[in-house]
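Colleague: next input, structure requested:
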Amino acid sequence: MRNTNWIFAFFLFGTMLLCSCSNDDGPSTPDPVAKEETTEEEAIEEEEEEEVANNAPGPFNLIGVTDGAVGVDVYPTFSWQAATDPDDDAVSYDLYLGLAEDPTEIYAENLSDTRFEVINRLNTYDSYYWKVIAKDTENASISSETNEFTIRGLNLPTEPVSTEAAFSKRSYHTSVIFDNKLWVIGGYDGNFKNDVWFSTDGNTWTEATASGPFSPRYNHTSQIFDNKLWVIGGYDGSRKNDVWFSTDGNTWTEATASAPFSPRNSHTSVVFDDKLWVIGGIDDNYKNDVWFSTDGNTWTEATDSAPFSPRYNHTSVIFDNKLWVIGGYDGSRKNDVWFSTDGNTWTEATASAPFSPRESHTSVVFDDKLWVIGGQDSGSFKNDVWSSTDGNTWMEATDSAPFSPRYYHTSVVFDDKLWVIGGYEDGGRENDVWALE
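Modeller: I've put the predicted structure just below:
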């Protein structure tokens, strides 16, 4: 019995000793799974820290066009220093260009080069602002300073494109741009004309037809509407109100032999709001009525009496989404300027522009400006050139263009140039062709 108790006591002591060892608080073997989870979290944190630490490209300067430059060409080349990225990221550039002091419109973007040549003509006499923004692949960016510059004035050639074009010397003709060509239609060379000519360069001219089906005439108007050439009214020994169109300058169709507006000459026509318009002119009286048509056949009278005085030998253009009437003759020569958004309600931009009162001048829209060229004032012929951005304030580009003083010439805008064709001068009629840019 005593032996049995001793064995039991020994067994109990061993069991207690074993339990005591299993509860030891000493170091234990690391858990491999826990270690792996900790490493992944640290990697994510490190990656986030790297993203936050991305740096924008460093400062850089504009090289040209320099700040305050004047007389800059209409096709300038911009250049700037390369921006260095501290993270060695690739850098690209956005060029901003506009008329506002802080240009917000991107002119060219994602450029890899530090030089950009403008291919779309900038406007003469206008002041522009430009800057460049450098950006890395993470779109971190830095802007350059902003430079201001002024474009040169109108370039006046020393020689005409053609001294004597293939068509006869004439005045009272019309000119339009159609099918990417210059066109001359009808007029007067000592006789009434109904020939039609075209050119791709102003020098070499081709006769589309020697005799269109409309009667030989002058002081008519021509326009491009519905992808067709149009001839409206004029004088062939009597005043006309017929309307003709052509898709090629050779074959012509009569839209109407007698439009509802009175037979007239020395009126104007324009295309506005997807309609053909006829404004003023002379029948047996001076006119200030305004008509429009969607097809050249059916015509609607917008007003029978606009607020500008009845007149002829004025000009009309479309500018700033408005109809404009400039100058003309109402018993005396005029230098008033009017505009309308609907052909019915008219506003006087100025009662007396700084150019002399005149008639038989030309007007075009070029470089986002209104232009007035030549004409006849109080008994003298003119070769001055004026421009305006609002019809009220006018600037004289030149008081003596290289072409001779003249009236009853034509002017169009073609190939980024302002063209003057033919007309009547002191020495008689002309068939010269000039291009101003």
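
Colleague: make it CA atoms for all contacts and neighbour counts henceforth
Modeller: Fine.

Colleague: measure Ser222 to Phe178 for me?
Modeller: Ser222 sits at a distance of 11 Å from Phe178 (criterion: C-alpha to C-alpha, to the nearest Å).

Colleague: who's more crowded, those two?
Modeller: Using other C-alpha atoms under 10 Å, the more surrounded residue of Ser222 and Phe178 is Ser222, with 25 against 19.

Colleague: helix or strand: which one has that one?
Modeller: Per DSSP states H and E, Ser222 falls inside strand 221-225.

Colleague: buried sites along the helix or strand just after that strand?
Modeller: Per DSSP H and E, the first helix or strand lying C-terminal to strand 221-225 is strand 228-235. Using 16 or more other C-alpha atoms under 10 Å as the test for burial, strand 228-235 gives 228-235.

Colleague: what of stretch 406-425?
Modeller: Applying 16+ other C-alpha under 10 Å to stretch 406-425 flags 406-414, 417-425 as buried.

Colleague: try stretch 204-213
Modeller: 205, 207-209, 212.

Colleague: grab the most central residue of the protein for me.
Modeller: Asp368 (6.5 Å; C-alpha atoms, centre = their mean).

Colleague: check contacts around it.
Modeller: By C-alpha atoms under 8 Å, 6 or more residues apart in numbering, the contact set of Asp368 is 123, 389.

Colleague: hey, where'd the strands end up in the stretch 151-300 of the chain?
Modeller: 174-178, 181-188, 192-199, 206-209, 221-225, 228-235, 239-246, 252-256, 268-272, 275-282, 286-293, 299-303 (DSSP state E, counting those that start in this stretch).

Colleague: what helices and strands are in contact with the first one?
Modeller: Contacts of strand 174-178 with other secondary structure elements, assessed using 3 or more C-alpha pairs under 8 Å, 6 or more residues apart in numbering; DSSP states H and E, are made with strand 181-188, strand 221-225, strand 410-414.

Colleague: please apply the same query to the fourth one.
Modeller: When contacts are defined as 3+ C-alpha pairs under 8 Å, 6+ apart, strand 206-209 sits against strand 192-199.

Colleague: quick one: the strand it packs on to strand 174-178, angle?
Modeller: 30 degrees (axes from the mean of the first three to the mean of the last three C-alpha atoms, to 10 degrees).

Colleague: got the contact list for strand 192-199?
Modeller: 167, 181-187, 205-218, 236, 249-250.

Colleague: tabulate the buried residues of strand 228-235 (a markdown table), appending pLDDT.
Modeller: Shown next, in a markdown table, are the buried residues of strand 228-235 (pLDDT from 0 to 100):
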| residue | pLDDT |
| --- | --- |
| Lys228 | 98 |
| Leu229 | 98 |
| Trp230 | 98 |
| Val231 | 98 |
| Ile232 | 98 |
| Gly233 | 98 |
| Gly234 | 98 |
| Tyr235 | 98 |
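
Colleague: domains in this structure, by residue range?
Modeller: Structurally, the chain divides into domains by automatic domain parsing as follows: 62-151, 174-436.

Colleague: which of these sits closest to Thr158?
Modeller: Nearest to Thr158, of all the domains of the chain, is domain 174-436, at 6.4 Å by C-alpha to C-alpha.

Colleague: please identify the most buried of the domains of the chain.
Modeller: domain 174-436 (a mean of 20; mean count of other C-alpha atoms under 10 Å).

Colleague: and that domain, how far out from the chain's middle?
Modeller: Offset of domain 174-436 from its chain centre (C-alpha atoms, centre = their mean, to the nearest Å): 21 Å.

Colleague: of the helices and strands packed on strand 174-178, which is nearest Asp87?
Modeller: Closest of these to Asp87 is strand 410-414, at 49.8 Å (criterion: C-alpha to C-alpha).

Colleague: run through who's touching that closest one.
Modeller: By C-alpha under 8 Å, 6+ apart, strand 410-414 touches 173-177, 182, 362-366, 418-423.

Colleague: try it again with 6 Å
Modeller: Residues from elsewhere that reach strand 410-414 (C-alpha atoms under 6 Å, 6 or more residues apart in numbering): 362, 419-421.

Colleague: now these as CSV including distance to Gly280, pLDDT and secondary structure?
Modeller: Shown next, in CSV, are the contacts of strand 410-414 (distance: C-alpha to C-alpha, whole Å; pLDDT from 0 to 100; DSSP: H, G, I helix; E, B strand; the rest coil):
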residue, distance to Gly280, pLDDT, secondary structure
Thr362, 16, 98, strand
Trp419, 25, 98, strand
Val420, 24, 98, strand
Ile421, 24, 98, strand
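
Colleague: any idea what Asn147 is bridged to?
Modeller: Judged by DSSP bridges, the bridge partners of Asn147 are Trp130.
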